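Undergrad: sequence first, then the predicted structure:
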Amino acid sequence: MQNVVKLKGFSETREAVESFKHDGLEPWTFSVQVDQATQDEYSAAYQRLKPSELQAYQDGDLNLFVVTLEAWVDGVHLGTHVSEPVWVEGLTLTGGKIRGDDCEVLKTKWFGNLKRAAKHNGVVLLADVLGSLGMGQARAEVERRAGLR
């Protein structure tokens, strides 16, 4: 067993890589939690790497992350969205680039879509609560005012 190489990400639970706040357009703010992928996620994603990417992975320059994004308005948590595993060139999400992309992760369309999904989940929850209180067309109005329609 001396020739066995242990690959990153092969553990049963997720390990936190970083967490930070991200300011969106007013009044939204976001809490971001970045975790290493699980063993199963690494196994599935490893199969799809190109030969050139395998070397970057083995050198530690390519990491598989899962991002949890929480949407907040005025200090109230409204919604959460968890990303699919994503390959990132670099050691962290904030300093890295998505595999094959040319700009920082936080400036990509992918990250914008994560923010939109977290906001949408929060707005749906809020609309459901208002609907339960008997406010008829609450969902459509809340979504419209939140900029999701």
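TA: Structure's in. What do you need?
Undergrad: centre of the chain to stretch 85-97, how far?
TA: Put simply, stretch 85-97 sits 11 Å off its chain's centre (CA atoms, centre = their mean, to the nearest Å).
Undergrad: quick one: residues in contact with that stretch.
TA: For stretch 85-97, the surrounding residues in contact (CB atoms under 8 Å, 6 or more residues apart in numbering) are 17-18, 20, 32, 34, 37, 41-42, 45, 49, 53, 56, 60-67, 98-99, 103-106, 110. All C-beta atoms are positioned from the backbone trio N, CA, C, and that covers glycine.
Undergrad: give me the subset of the residues you listed lying in strands.
TA: Residues of these located in strands (DSSP state E): 17, 18, 20, 32, 34, 62, 63, 64, 65, 66, 67, 98.
Undergrad: may I see the buried residues of the biggest helix by length in the chain?
TA: Taking DSSP state H as the criterion, the chain has its longest helix at helix 109-132. Within helix 109-132, the residues that count as buried by 16 or more other CB atoms under 10 Å are 111, 114-124, 126-127, 130.
Undergrad: returning to what we had before: which among the ones in strands among the contacts of stretch 85-97 count as buried?
TA: For these, buried by 16+ other CB under 10 Å: 17, 32, 34, 62, 63, 64, 65, 66, 67, 98.
Undergrad: now tabulate those residues in CSV and tack on pLDDT.
TA: Below are these laid out as CSV (pLDDT from 0 to 100):
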residue, pLDDT
17, 92
32, 96
34, 96
62, 92
63, 93
64, 94
65, 95
66, 96
67, 96
98, 92
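Undergrad: residue 146: which of the residues you listed is nearest?
TA: Using CB to CB, residue 32 is the member of those that sits closest to residue 146, with 20.0 Å.
Undergrad: now do the SS call for the nearest residue to residue 126 once chain neighbours are set aside.
TA: With sequence-adjacent residues excluded and distances taken as CB to CB, 6 or more residues apart in numbering, residue 126 is closest to residue 142, at 5.6 Å. Recorded secondary structure, residue 142: helix (DSSP: H, G, I helix; E, B strand; the rest coil).
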